[in-house]
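A.B. asks: pasting a predicted model and its sequence here:
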Amino acid sequence: MIVTFIFIILLCPLAAFAFFAISALAGRKSNRQDLISTFAMLIAFSCAFLLFVQVLGNSSIYKHAGASTHTIDWIQIDNVSLPMGFLFDSVTSIMLLVVTIVSSLVHIFSIGYMHGDPRYPRFFAYLSLFSFSMLFLVVADNLLGIYIGWELVGLCSYLLIGFWFEKDSAANACKKAFLTTRVGDVGMFIGMMMLFTKFHTFALFGDSGIFESINNLESSDLTWLSIAGILIFCGAIGKSAQFPLHTWLPDAMEGPTPVSALIHAATMVAAGVYLAARMFPILTDVSSLFIAYVGGITAIFAATIAIVRWDIKRVLAYSTVSQLGYMMLAIGASSYVAGLFHLTTHAFFKALLFLGSGSVIHALHVHHHDDHDDEHSDHPVERDGIPPEQDMRNMGGLRHKMPVTFWTMLIATLSISGVPFLFSGFWSKDEVLGATLERAMESGSTHYYILFFMALTAAGVTALYMFRLIFLTFMGQPQNQEMYAHAHESPKSMIIPLIILAALSFPIVNKWSFDKYVEQPKQTHNHLARKHVDQPVLYVAAGAADHNDSMSHTTHGGHSPAHSIAMGLSIFVAALGILLSALFYHWKTFSAETVANKFRGVHRILWNKYFVDEFYDGIVVRATVIGAKIFGGIDKYLVDGLVNLVAIIVNYIIAFLVGLFDSKIVDFLVNFVAKITWKFGGGVRRAQTGVIQNYLFVILTGVILLIIIFRLLV
Amino acid sequence: MANITLEHYLLISSILFTLGVFAVLTRRNAITILMGIELMLNSCNINFIAFSRFIKPPTTVVAGEVSLAIEGQIMALFVIVLAAAEAAVFLAIILSIYREFNSISPNEVNTLKG
């Protein structure tokens, strides 16, 4: 039954895409592609919901990672077999539900948002293809299947970021996204191959799967395992836009806003977290710490950049990067449950934020073109390369015009800022912080204390920049009268998804229920380390070997002191962030400009996003270009020169030799044969005297000879 | 006087045939070539008649019936008729050749030359 449902979930969006592809090949426009794709997603959602209910009913079975797999032989080459199949456990069912809910709502939202676009059907076809790829990634039971889905979502991301490819910025952004994530994917592929060469399988679970085989490793393999884990995590760094490969995600905001909500906030970028969670059993202490640092640095790094952005979508993009860093931190702090929990809550409230910003952009965008010739003094102008309808300096006071958008976005903002108890984001963020602090306390490692404070700071900064967004957009006085005058609430098809997502931002899935349905898998490296505990092969902090067991104790047992401390601190920093934000942007007690001028250097660094893009432009891109020029020069002058030289040699020497051979030997032979024939003919023709008597004589001689011969023979 | 045997006839015939061949091969006149051919034909006639006379008895009795052994003689008569016909054709050809080449010497008539 599960397999049938999974098949339906996968095939519905694929069929919707196939419908578009076939009608496109047949040269016809599929006019109702929007309804087909949306309907397909709704069917998939229903099936995912039924599966989720199934899991709720049998939580004791499905809470184990890799609880149920359905595998078929896919490719068989000599003695290497590559099976392919579905994996189903509570994590899969939650991911399926999240992806189908967000995807369905984004489909519905897009019907209003993308209305009138010249490539309207194509947009929905891409969304369907993306949904299929993402769902396939989630249900694949082996690394190869995950990799296939992984690359397919990358392709869809590329197509959708560059959906308005007429704009140079969009075309560049989609190339940047594709190439940057590819850097990580190379690492992931190497990691996969490392595991494959060792274990001869891509399967994760099951008796012959990677996670079982790891138990047979020696402790001397721990370093190898750490490297493999880090390499696979490189894929997640690229896909989940972690530092230092995060630069593509803010640029990806060039795509349509529903795409940003679906792909670049809720699902695809979370695939990296999903991958890290799936590979959880192979993570060693070293690779965990690596992941935690990447996540922690990304969280604080992106959050600080978000403070100074004026583009509403860029704020949300950096916020996404920051929150993904949180999830990674949770995985790195060996808290599988917290990472996945934050992934789930974040998917809803961040999709809501993006769709809300889409609603705002839609409201401000639709009309300002109508009065293009209007000589109004407030005519919106593009500043700092930000389109006017996305520039928060042009907004303000919109809550009167767009109440639904305002209230739903406010709920999401309260959730992401970690406002206590009523909002899902508080619980999941608290879970991440608590897990990090708990890890720090248990291992006694300063690394995790540092990471905890980074995450805590990031939580405060998150509250600051998110309320800044709300204050600038919805509160205060309208900054641009013309745009304000034309702003309007969005159509129903766009508002309804906002309301549904807002409802999902309340703690429907809270920490305790999540704990009940998702169980943290064991990390085998601890057993390996225990095998030869006297050999200090690797950094194994005191008590880390027992960490996993105690960890699962405390998470199931409710609140440890670490969690209480973390909760108190996180409420405090959230309040601080909101207060600061209000002081600066609502009550205007302090002026943001004054502070920016005072700390000009800091502001410059933040405004330029820590110069990472400049670094890449200056080092990576320029090095590539220079390298390309050098190699081009080598190609042009050296290689071409050699080729031409060889060509000359061939022309003048070989051709000469061949010519010589032709004229002297071949011609000689031909002439020789001709001459022989000529000479022979010349000799023989003398016999033809024309005198009959000679002929007769020859005949006579012949007869006499024949007689003699016969006489002799017989 | 010794008995005249078959060998004598054959010897005469051979001499005549050889003379005829010689005439055919060497003469520079088509008419003499014709005469050589006639010699060869007649030497054959001598052979026919000689063999007819010496190898088979003149009369034999086969199954109670008497038959005359004259096949050789009859062959000779055929050859004589053939020679007459041949001479007529040959002379006609010679006439044609003479009209064409103004000569009846075989050396002059050599357009078959390669």
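C.D. replies: Thanks, I have it. Numbering: from 1, shown residues only, chains lettered A, B, ... in the order given.

A.B. asks: how close does A:Phe506 get to A:Leu414?
C.D. replies: As for A:Phe506, its distance to A:Leu414 is 10 Å (criterion: Cβ to Cβ, to the nearest Å). Any C-beta I mention is one placed from the backbone N, CA and C, and that applies to glycine too.

A.B. asks: where do the contact lists of those two overlap?
C.D. replies: By Cβ atoms under 8 Å, 6 or more residues apart in numbering or on different chains, A:Phe506 and A:Leu414 have these common neighbours: A:Leu422, A:Phe423.

A.B. asks: quick one, which of the two is more surrounded?
C.D. replies: A:Leu414 (23 against 15; other Cβ atoms under 10 Å in any protein chain shown).

A.B. asks: and the pLDDT for the residue in chain B sticking out farthest from the centre?
C.D. replies: In terms of distance from the mean C-alpha position of chain B, B:Gly64 ranks first, at 37.0 Å (Cα atoms, centre = their mean). Looking at B:Gly64, its pLDDT is 73.

A.B. asks: just A:Gly557 next, same as before
C.D. replies: Value for A:Gly557, per-residue pLDDT: 42.

A.B. asks: equivalent analysis for A:Met188, please.
C.D. replies: 91.

A.B. asks: what does the one 4 residues further on give?
C.D. replies: As predicted, A:Met192 sits at a pLDDT of 90.

A.B. asks: show me what the helix or strand it falls within packs onto, helices and strands only.
C.D. replies: In this structure, A:Met192 is located in helix A:168-199 according to DSSP states H and E. Identification of packing neighbours for helix A:168-199 by 3 or more Cβ pairs under 8 Å, 6 or more residues apart in numbering or on different chains; DSSP states H and E yields helix A:143-161, helix A:210-213, helix A:222-239, helix A:248-251.

A.B. asks: nearest to chain B, of the ones you listed?
C.D. replies: helix A:143-161 (84.8 Å; Cβ to the nearest Cβ).

A.B. asks: the strands in the chain, which residues?
C.D. replies: Let's take chain A. Assigned by DSSP state E, chain A shows strands spanning A:68-77, A:80-88.

A.B. asks: sorry, I should have been clearer: chain B.
C.D. replies: Counting by DSSP E, the strands of chain B are B:59-62, B:65-68.

A.B. asks: of these, which approaches chain A most closely?
C.D. replies: strand B:59-62 (30.6 Å).

A.B. asks: near chain A, which residues of chain B? Just list them.
C.D. replies: B:21, B:24-26, B:33, B:106-107, B:109-114 (Cβ under 8 Å from any Cβ of the partner chain).

A.B. asks: circling back: now the helices and strands packed on helix A:168-199 in TSV, with mean pLDDT and distance to chain B?
C.D. replies: Converted to TSV, the helices and strands packed on helix A:168-199 look like this (pLDDT from 0 to 100; distance: least, Cβ to the nearest Cβ, whole Å):
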stretch	mean pLDDT	distance to chain B
helix A:143-161	90	85
helix A:210-213	80	94
helix A:222-239	88	92
helix A:248-251	86	94
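
A.B. asks: give me the number of residues near residue 34?
C.D. replies: No chain was given, so I picked chain A. 22.

A.B. asks: that answer is for a different chain, and I need it for chain B
C.D. replies: Neighbours of B:Leu34 using other Cβ under 10 Å come to 20.

A.B. asks: likewise B:Leu91?
C.D. replies: Neighbours of B:Leu91 using other Cβ under 10 Å come to 13.

A.B. asks: was I right to think it contacts B:Ile33?
C.D. replies: No: counting by Cβ atoms under 8 Å, B:Leu91 does not reach B:Ile33; the two are 11.5 Å apart.

A.B. asks: how about the closest residue to A:Gly191 other than its chain neighbours, what does it touch?
C.D. replies: Spatial nearest neighbour of A:Gly191, chain neighbours left out: A:Leu231 (3.2 Å); criterion: Cβ to Cβ, 6 or more residues apart in numbering or on different chains. Residues near A:Leu231 by Cβ under 8 Å, 6+ apart: A:Gly187, A:Met188, A:Ile190, A:Gly191, A:Met194.

A.B. asks: the last one reaches A:Leu225, doesn't it?
C.D. replies: Just to be clear, that refers to A:Met194. No: in this structure, A:Met194 is not within contact of A:Leu225 by Cβ under 8 Å, at 9.1 Å.

A.B. asks: of the two, who's got more company?
C.D. replies: Regarding A:Met194 and A:Leu225, a neighbour count based on other Cβ under 10 Å identifies A:Leu225 as having more, with 24 against 17.

A.B. asks: coming back round to it: and the residues of chain B next to chain A as JSON lines, adding pLDDT, neighbour count and distance to A:Ile634?
C.D. replies: Formatted as JSON lines, the residues of chain B next to chain A follow (pLDDT from 0 to 100; neighbours: other Cβ atoms under 10 Å in any protein chain shown; distance: Cβ to Cβ, whole Å):
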{"residue": "B:Val21", "pLDDT": "91", "neighbour count": "18", "distance to A:Ile634": "95"}
{"residue": "B:Val24", "pLDDT": "90", "neighbour count": "22", "distance to A:Ile634": "94"}
{"residue": "B:Leu25", "pLDDT": "88", "neighbour count": "16", "distance to A:Ile634": "91"}
{"residue": "B:Thr26", "pLDDT": "88", "neighbour count": "12", "distance to A:Ile634": "94"}
{"residue": "B:Ile33", "pLDDT": "90", "neighbour count": "23", "distance to A:Ile634": "95"}
{"residue": "B:Pro106", "pLDDT": "82", "neighbour count": "21", "distance to A:Ile634": "89"}
{"residue": "B:Asn107", "pLDDT": "81", "neighbour count": "13", "distance to A:Ile634": "88"}
{"residue": "B:Val109", "pLDDT": "81", "neighbour count": "18", "distance to A:Ile634": "87"}
{"residue": "B:Asn110", "pLDDT": "78", "neighbour count": "15", "distance to A:Ile634": "82"}
{"residue": "B:Thr111", "pLDDT": "79", "neighbour count": "8", "distance to A:Ile634": "81"}
{"residue": "B:Leu112", "pLDDT": "74", "neighbour count": "12", "distance to A:Ile634": "80"}
{"residue": "B:Lys113", "pLDDT": "73", "neighbour count": "10", "distance to A:Ile634": "78"}
{"residue": "B:Gly114", "pLDDT": "63", "neighbour count": "10", "distance to A:Ile634": "73"}
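
A.B. asks: narrow the residues you listed to those in helices?
C.D. replies: When the residues of chain B next to chain A are checked against helices (DSSP state H), the matches are B:Val21, B:Val24, B:Leu25, B:Thr26, B:Ile33.

A.B. asks: now, among the residues you listed, which is nearest to B:Asn45?
C.D. replies: Nearest to B:Asn45 out of these is B:Val21 (Cβ to Cβ; 16.0 Å).

A.B. asks: how close does A:Phe124 sit to A:Phe88?
C.D. replies: A:Phe124 sits 28 Å away from A:Phe88, going by Cβ to Cβ.

A.B. asks: likewise for B:Ile37?
C.D. replies: 118 Å.

A.B. asks: these two - which one has more neighbours?
C.D. replies: A:Phe88 (24 against 18).

A.B. asks: surely that one and A:His64 touch.
C.D. replies: No: checked against Cβ under 8 Å, the pair A:Phe88 and A:His64 is beyond contact range at 11.2 Å.

A.B. asks: hang on, the earlier thing: columns distance to A:Asn694 on top of the ones in helices among the residues of chain B next to chain A, output as JSON lines?
C.D. replies: Shown next, in JSON lines, are these (distance: Cβ to Cβ, whole Å):
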{"residue": "B:Val21", "distance to A:Asn694": "14"}
{"residue": "B:Val24", "distance to A:Asn694": "12"}
{"residue": "B:Leu25", "distance to A:Asn694": "9"}
{"residue": "B:Thr26", "distance to A:Asn694": "11"}
{"residue": "B:Ile33", "distance to A:Asn694": "13"}
